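Participant: Fold the following and give me the result.
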Amino acid sequence: MWIIPGQNQTRVSEFILLGFSSDPTTKSILFSVFLFIYLSSVIGNGLIIMLVCLDKQLHTPMYFFLCILAMLDMGYVSTTMPQMLVHLLAHSHTISFAGCWIQMYVFGALAATESMLFVVMSYDRYVAICYPLHYTVILNWGLCIRLAAGPCVCGFFSALLHTFFTMSLPYCGPNIVNHYFCEGPSVLSLACIDTHIIDIVDQTLIVLMCLIPISLIVASYVHIAKAILKIKSTQARFKAFSTCASHLTVVTFFYGPSSYIYMRPNSSYSPERDKQISLFYNSFTALLNPLVYSLRNKDIKRAFLKVMKHGRM
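Facilitator: Model prediction:
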């Protein structure tokens, strides 16, 4: 704690993250499980980035966006899990006020960027299926770079607003955050003043960063579904659908849990339940995304076998 000059009021200088359990045996088990998940996520996404960079046949808009998604997932999971792993082994579960600020900002920025990147990826599938002959003309590299930069700029700017409004509030104690990282709503609940206005700002940002992307993705797939149904060949129709299946799967993994946590009424807030759900979209999606794209994608498998073959030579 530190005292605000000129005021009879203290402000916290650090927060305590409760995490998942205080039982030593349970913490050891959780450490092993989460370490495996973290390393698998980093290796899996790193492998996709490496394959896309090394294989010229993967130098297409689809795999360019997939590479960016993998980089976001690596950053996403690395923002929270290393600290959680340290806290599972250490007696102290503290994080400095500045550290909490940075973690909240980076996590929010990457999450918002990934949310909008899924819209770009759905547009990529829309052009590929609805305008296959003009795919490379429409999605030229100049447009691809702009489509990738747009979500990054918007995501990092919106997260800056959210983090600034949250962390500029007075926190006089208690300083115990019932979560495994500095998640916005969990920290905001500790503020010393009424947070009604901040809640409105947060809900507005959530609508912009979550509901609008979901609506755009749904709109894209409505057009995609119409185009697929017009294909007479059953085999061609199945092939067109399979190119979208991986994207739909990862979108569901991401938006399902995150929408429940951030778009549900505050009255239904449950710290323990929200910790478990946030762990899914924060950690498990970063692990599942490379599995979904690699297991269902012949190009990724081919590139992997090609790299392995050259590696043995």
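
Participant: going forward, measure contacts and count neighbours with C-alpha atoms only.
Facilitator: Will do.

Participant: Report all helices and strands that the longest helix along the chain contacts.
Facilitator: The helix of greatest length in the chain, counted in residues with DSSP state H as the criterion, is given as helix 97-130. When contacts are defined as 3 or more C-alpha pairs under 8 Å, 6 or more residues apart in numbering; DSSP states H and E, helix 97-130 sits against strand 14-17, helix 61-89, helix 135-138, helix 141-167, helix 212-229, helix 234-263.

Participant: low-confidence ranges in the protein?
Facilitator: With pLDDT under 70 as the threshold, the chain has low-confidence stretches at 1-10, 263-271, 295-296, 311-313.

Participant: Nearest residue to the middle of it?
Facilitator: Averaging the C-alpha coordinates of the chain gives a centre point, and the residue nearest to it by C-alpha atoms, centre = their mean is residue 111 (4.0 Å).

Participant: which residues does that one contact?
Facilitator: When the contact criterion is C-alpha atoms under 8 Å, 6 or more residues apart in numbering, the partners of residue 111 are 76, 155.

Participant: how close does it sit to residue 310?
Facilitator: 36 Å (C-alpha to C-alpha, to the nearest Å).

Participant: same check, this time on residue 166
Facilitator: Distance check for residue 166 against residue 310: by C-alpha to C-alpha, it reads 51 Å.

Participant: neighbour-wise, which of the two wins?
Facilitator: A direct count of neighbours by other C-alpha atoms under 10 Å for residue 166 and residue 310 places residue 166 higher, at 22 against 8.

Participant: Please give the number of neighbouring residues around residue 194.
Facilitator: 11.

Participant: Let me fix that, I meant to ask about residue 196.
Facilitator: Using other C-alpha under 10 Å, residue 196 has 9 other residues around it.

Participant: How about residue 249?
Facilitator: 14.

Participant: Would you mind listing the residues in contact with it?
Facilitator: residue 292.

Participant: Ok, residue 126 next?
Facilitator: When contacts are counted by C-alpha under 8 Å, 6+ apart, residue 126 is found next to 220, 221, 223, 224.

Participant: Turn those into CSV, including distance to residue 201 and neighbour count.
Facilitator: Formatted as CSV, the entries for those read as follows, by distance: C-alpha to C-alpha, whole Å; neighbours: other C-alpha atoms under 10 Å:
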residue, distance to residue 201, neighbour count
220, 28, 18
221, 30, 17
223, 33, 13
224, 34, 22
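
Participant: For burial, what's the neighbour tally of the nearest residue to residue 34 once chain neighbours are set aside?
Facilitator: Leaving aside its chain neighbours, residue 34 sits nearest to residue 85 (7.2 Å; criterion: C-alpha to C-alpha, 6 or more residues apart in numbering). Burial of residue 85 is recorded as 21 neighbouring residues (other C-alpha under 10 Å).

Participant: cool, the one 3 residues further on as well?
Facilitator: The number of residues packed around residue 88, counting by other C-alpha under 10 Å, is 26.

Participant: measure it to residue 32 for me?
Facilitator: Distance of residue 88 to residue 32, computed by C-alpha to C-alpha: 10 Å.
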